[in-house]
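Undergrad: have a look; sequence and predicted model below, questions after that.
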Amino acid sequence: MKKIFFIGFMGTGKTTIGKLVSDKLNLDFIDTDSLIEERLNMSISNIFEEWGEEYFRKLEHDVICKIIKSTEGTVIATGGGTPLYHGNLQLMKNNGLVIGLNTSPKELWRRLQDCQERPLLKQYNTYKKFCKLYRNRSNIYAQAHITIKTDGKSLEEIVKEVISYVFKFF
Ligand code: S3P
């Protein structure tokens, strides 16, 4: 049942770090947002615009269920909202190691400034609103099996930290 799920706010590095960890451990890598985009042949922004967030959350849940059923030895980068909906957090915790990435809102806000692809940023478009969303979600992310703080660390350091937890867990 070796599955490693990365959860965390937008911009914490779930995809980048997940990919590096999968390479190091010689495991497959899946990014749930990319999988949804490939399946529908549409960008996440367009899915939100045309079908709405609720529909996206259903697709996201469906993808999580399929990954759990049909993959083995996989690192999965989830979307920032994945653990908040449809019992996904518990599902992931029951079926693998859930690693939370934690980055300060200040740093995330800086990283996400030039990003056009994240539909939620249209709604949470001031630092104040952004911090509110961050606060509202943080107790969900905190329920990961382990949380790794990323501020001030290099990618290499973070990957090393992740791998040491992976060896302890499995
Ligand atoms: C979302 C985060 C995005 C993507 C969608 C919704 C969220 O993923 O799933 O735009 O609710 O935080 P990233 O965390 O990879 O940006």
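TA: Received it, and whenever you're ready, just let me know what you need.

Undergrad: buried stuff in the one helix or strand in the chain whose mean pLDDT sits lowest?
TA: Across the helices and strands of the chain, mean pLDDT, DSSP states H and E gives its lowest value to helix 120-123, namely a mean of 92. Using 16 or more other CB atoms under 10 Å as the test for burial, helix 120-123 gives Leu120, Leu121. (Each C-beta comes from the backbone N, C-alpha and C, glycine too.)

Undergrad: next structured bit after it?
TA: Using DSSP states H and E, the next helix or strand after helix 120-123 towards the C-terminus is helix 127-141.

Undergrad: who does that next one touch, helix- and strand-wise?
TA: The contact analysis (3 or more CB pairs under 8 Å, 6 or more residues apart in numbering; DSSP states H and E) places helix 127-141 against helix 105-112, helix 120-123.

Undergrad: what residues does the chain put near the ligand?
TA: For the chain, the residues in contact with the ligand (CB under 6 Å from any ligand atom) are Met10, Lys14, Asp33, Ile44, Gly79, Gly80, Gly81, Arg118, Pro119, Leu120.

Undergrad: what's the neighbour count on Cys65?
TA: 14 (other CB atoms under 10 Å).

Undergrad: that one - nearest residue in space that isn't next to it in sequence?
TA: Once flanking residues are discounted, Cys65 sits nearest to Leu91: 7.2 Å by CB to CB, 6 or more residues apart in numbering.

Undergrad: the host helix or strand of that neighbour: what's the following helix or strand?
TA: Using DSSP H and E, Leu91 falls within helix 88-94. On the C-terminal side of helix 88-94, the nearest following helix or strand under DSSP H and E is strand 97-102.

Undergrad: shouldn't Asp28 be in contact with Gly18?
TA: No: counting by CB atoms under 8 Å, Asp28 stays clear of Gly18, with 10.8 Å between them.

Undergrad: so between the two, which is more surrounded?
TA: Gly18 (26 against 12).
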